[in-house]
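Visitor: Any chance you could fold what I've pasted below:
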Amino acid sequence: MAPHMVDVYVGKRLRMRRTILGMSQEAIGNAIGVTFQQIQKYERGINRMGASRLYDFSRILGVPVSYFFEGLSDEGGSSEYNKGMADDASEFEHEKLSTRETLEMMRAYYRISDPQVRKRVFDLVKSLADTPEK
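Guide: Got it, this is the predicted structure:
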């Protein structure tokens, strides 16, 4: 049986947050008392997470339980799952979040302790992204 799209979505959110924090599957597994293989299954949506497990992950990852469902529509899927075939490129947006370059940039950004400096860096990156290519 194929994984349910909500389980896959929640698993992607788990993987993204774990990776942003620089935690290995083994480290997070040890923190909640499961193997890294179980974490892999959660992240792929193969195994469902119960409420207590979601609570454990939210506590360890420093996010509210609702974090795992942010962006999920009322119909049970995310915008990436609800789009038609013409929008297939949007399915790869999540993969951009998992590249080493993106993750290193996000980790560095969150290590900036001064909120005003962090905001200026954010504004700079946005302005560079909005600059037309030559």
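Visitor: switch to C-alpha atoms for all contacts and neighbour counts from now on
Guide: Noted.
Visitor: chain center to the host helix or strand of residue 126, what's the gap?
Guide: Element membership for residue 126, per DSSP states H and E: helix 115-129. Relative to its parent chain, helix 115-129 has a centroid offset of 21 Å by CA atoms, centre = their mean, to the nearest Å.
Visitor: So which bits of that helix are buried?
Guide: Of the residues in helix 115-129, none has enough neighbours to count as buried (16 or more other CA atoms under 10 Å).
Visitor: Need the residues that contact that helix.
Guide: Contact partners of helix 115-129, identified using CA atoms under 8 Å, 6 or more residues apart in numbering, comprise 109-110, 112.
Visitor: now stretch 38-55
Guide: Stretch 38-55 is contacted by residues 2-15, 25-26, 28-29, 65 when judged by CA under 8 Å, 6+ apart.
Visitor: and if we set it to 10 Å?
Guide: Outside of stretch 38-55, the residues within contact range by CA atoms under 10 Å, 6 or more residues apart in numbering are 1-16, 24-30, 32, 36-37, 56-61, 63-68.
Visitor: First-to-last residue distance for that stretch?
Guide: Stretch 38-55 has an end-to-end distance of 16 Å (criterion: CA to CA, to the nearest Å).
Visitor: Is residue 109 within a helix or a strand, and which one?
Guide: Residue 109 belongs to helix 100-111 when assigned by DSSP H and E.
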